[in-house]
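Participant: Predicted model and sequence follow; I will ask about them next.
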Amino acid sequence: MMPSPPFVDRGTGELDRDQLLAEAIPLGKLVGLFAALAVVPFALAFLLGGSNGVLGALFVVVGQFVLAVGTGIVLIYVVARGIQLAEA
């Protein structure tokens, strides 16, 4: 017997909204974590006058680095979770 695709209710064949929320909430929290972490250096750069000074530009680069690392971690999480769901 072939397993049902993820996020589909076996009985009705419709989308399983509870499973969708169970997967979306941790993903949203992970994205929110890195967004909140990136706000700090961007806010410091803004308070120091944008990227006119060396210190402001450094904070902008740090903020972009946090966003890039966060994007990579989120993508790894999505791929790993997709593999887990496909095997289940």
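Facilitator: Alright, I've got the coordinates.
Participant: Return the backbone torsion pair for residue 45.
Facilitator: In this entry, residue 45 is assigned phi and psi values of phi -60, psi -40 (degrees, to the nearest 10).
Participant: and the strand or helix carrying residue 86, which residues are buried?
Facilitator: If you go by DSSP states H and E, residue 86 is part of helix 54-87. For helix 54-87, a neighbour-count test (16 or more other Cβ atoms under 10 Å) marks 56, 59, 60, 62, 63, 66, 67, 70 as buried. For every residue, glycine as well, the C-beta is placed using N, CA and C.
Participant: which one of these is nearest residue 37?
Facilitator: In terms of Cβ to Cβ, no member of these lies closer to residue 37 than residue 66, at 5.3 Å.
Participant: what's the residue nearest to that closest one when sequence neighbours are not counted sitting at in phi/psi?
Facilitator: Distances taken as Cβ to Cβ, 6 or more residues apart in numbering put residue 38 closest to residue 66, at 4.4 Å, once the chain neighbours are dropped. Main-chain torsions, residue 38, degrees, to the nearest 10: phi -80, psi -20.
Participant: Residue 11 now?
Facilitator: Note on residue 11: its backbone torsions stand at phi -70, psi -50 [degrees, to the nearest 10].
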